[in-house]
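S.K.: structure of the sequence below:
(one chain, ligands or ions: 2)
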Amino acid sequence: MAPGTPELQPPKFPSVKSLSESSALTSIPSSYTFTTDPNQHIASDPQDSIPVIDFSLLTSGNPDQRSKAIQDLHRACEKWGFFMVINHGVAESLMKGMIEACRGFFDLTEEEKGEFEGKPVLAPIRCGTSSNTSLDKILFWRDFLKVFLHPQFHSLNKPPGFSEVSLEYSQRIKKVVEELLKGISKSLGLEEWYIDKAMNMSSGLQVLVANLYPPCPQPEHAMGLPPHSDYGLLTVLTQNEVGGLQVQHQGKWFNVNLIPNSLLVNIGDHLEVLSNGKYKSVLHRVVVNRKATRLSVLITNGPSLDTVVAPAPELIDESHPPAYFGMKFQETLTLSQTNKHHEKSILDQVRI
Ligand SMILES: O=C(O)CCC(=O)C(=O)O
Ligand SMILES: [Fe+2]
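M.R.: Numbering: from 1, shown residues only. Ligands and ions are numbered 1, 2, ... in the order given. Modelled structure (predicted):
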């Protein structure tokens, strides 16, 4: 760069929350306008809905109950890649407290939130709007907050109480994920601690992602989040009462109707790689609406940053050759930021 040239700063975008709250807003700015209506072609077959996993059976001392739950898990991972977990033991008050703490963050002033804006992908605390404003051609109707909670816990000091509730919530979710990964290992015919050990989960990366989707005057032309799969092994979601999440299944989009107090879990790209494609990460997207604000809180659970994720050798044979290259988890994360947040962009880099 020539001396005296000002360093290029990414352009700053107003939060969707502040846009949505400006009383003059009757249509969306052109920078948010999609030409196809994301609400078209929604399948709603009540016979075909997201599977339910009873966590109390999965952790039961009764071997028959446990093996039935593992079979359920196997079917859910193979057919949908998404499932609802009931009887998980995470207190309703803690789930609600986590959602309210995130709402408290989004309610801070733009100046207060500004401290965490425009940060790189591996910054432990960052917030912003859309997905990646330096790459998104059309902006998404979504504000976000991301906080790294494990292996090192990062404490967000505002709003008051956020830090405490995020620590407790992340620890409880970590326990649920540990049991799910034991069940998933068994369901793949592996020893129950296989994934935990191979992925170095004791120093695994756990990130809290809070998403806010304010009311939108033209929901038929805006998108909360475009179709994408998640990185990592398992993502665990809780939400307020406002829907909007849709999952792709057998080529159709399904609305997610969560059982109250259940946790929604989905398979991430790195579990697809580890399972050599037996379990696939699944596309999902978020649509917005005119009236109500959707708030979702996700905990992403990945391996440690230095783990090389490759197909498990036990799942490779003559009829199942390796379908992916191995790649260090940290590298896939940085690569995903140089690509548009769309579809299965991480897997496109490692598919053989
Ligand atoms: O808000 C939601 O329901 C889903 C958000 C999501 O898919 C993501 O943050 O990766
Ligand atoms: Fe996602």
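
S.K.: check which element follows the helix or strand encompassing residue 181 along the chain.
M.R.: Counting by DSSP states H and E, the element that carries residue 181 is helix 162-187. Counting by DSSP H and E, the element after helix 162-187 in chain order, helix or strand, is helix 194-198.

S.K.: neighbouring contacts of that next one?
M.R.: The contact list for helix 194-198 (CB atoms under 8 Å, 6 or more residues apart in numbering) reads 178, 181-182, 184-185, 188, 201-202, 233, 271, 274, 307, 312, 314. (C-beta placed from N, C-alpha, C; glycine too.)

S.K.: still on that earlier bit, buried residues in the helix holding residue 181?
M.R.: Residues 162-163, 165-166, 169-170, 172-174, 176-187 are the ones in helix 162-187 that count as buried (16 or more other CB atoms under 10 Å).

S.K.: stretch 259-267 too?
M.R.: Within stretch 259-267, judged by 16+ other CB under 10 Å, the buried ones are 262-267.

S.K.: run the chain-centre distance for stretch 274-289.
M.R.: Distance of stretch 274-289 from the chain centroid (CA atoms, centre = their mean, to the nearest Å) equals 10 Å.

S.K.: now do stretch 52-64
M.R.: With CA atoms, centre = their mean, you get 25 Å for stretch 52-64.

S.K.: could you do stretch 159-173 as well?
M.R.: How far stretch 159-173 lies from its chain's middle: 18 Å, per CA atoms, centre = their mean.

S.K.: hmm, who's touching it?
M.R.: 89-90, 94-95, 97-98, 101-102, 104-105, 107-108, 147, 149-150, 153, 155-157, 206, 208, 236, 263, 299, 301.

S.K.: buried subset of those?
M.R.: 90, 95, 97-98, 101-102, 105, 147, 149-150, 156, 206, 208, 236, 263, 299, 301.

S.K.: so who does residue 190 touch?
M.R.: So residue 190 contacts 312, 314-315 (CB under 8 Å, 6+ apart).

S.K.: how close does it sit to ligand 1?
M.R.: Using CB to the nearest ligand atom, to the nearest Å, we find residue 190 at a distance of 27 Å from ligand 1.

S.K.: ok, now residue 101?
M.R.: 16 Å.

S.K.: next: residue 252.
M.R.: Distance of residue 252 to ligand 1, computed by CB to the nearest ligand atom: 18 Å.

S.K.: pLDDT value on that residue, please?
M.R.: Model confidence at residue 252, given as pLDDT, is 89.

S.K.: now the contacts of helix 194-198 as a markdown table including pLDDT and distance to residue 322?
M.R.: Formatted as a markdown table, the contacts of helix 194-198 follow (pLDDT from 0 to 100; distance: CB to CB, whole Å):
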| residue | pLDDT | distance to residue 322 |
| --- | --- | --- |
| 178 | 98 | 27 |
| 181 | 98 | 21 |
| 182 | 98 | 24 |
| 184 | 98 | 19 |
| 185 | 98 | 19 |
| 188 | 98 | 15 |
| 201 | 98 | 22 |
| 202 | 97 | 26 |
| 233 | 98 | 18 |
| 271 | 98 | 15 |
| 274 | 98 | 11 |
| 307 | 98 | 17 |
| 312 | 98 | 10 |
| 314 | 98 | 12 |
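
S.K.: all helices for this structure, in order.
M.R.: 16-21, 55-58, 63-79, 92-106, 110-114, 162-187, 194-198, 269-274, 329-338, 345-350 (DSSP state H).
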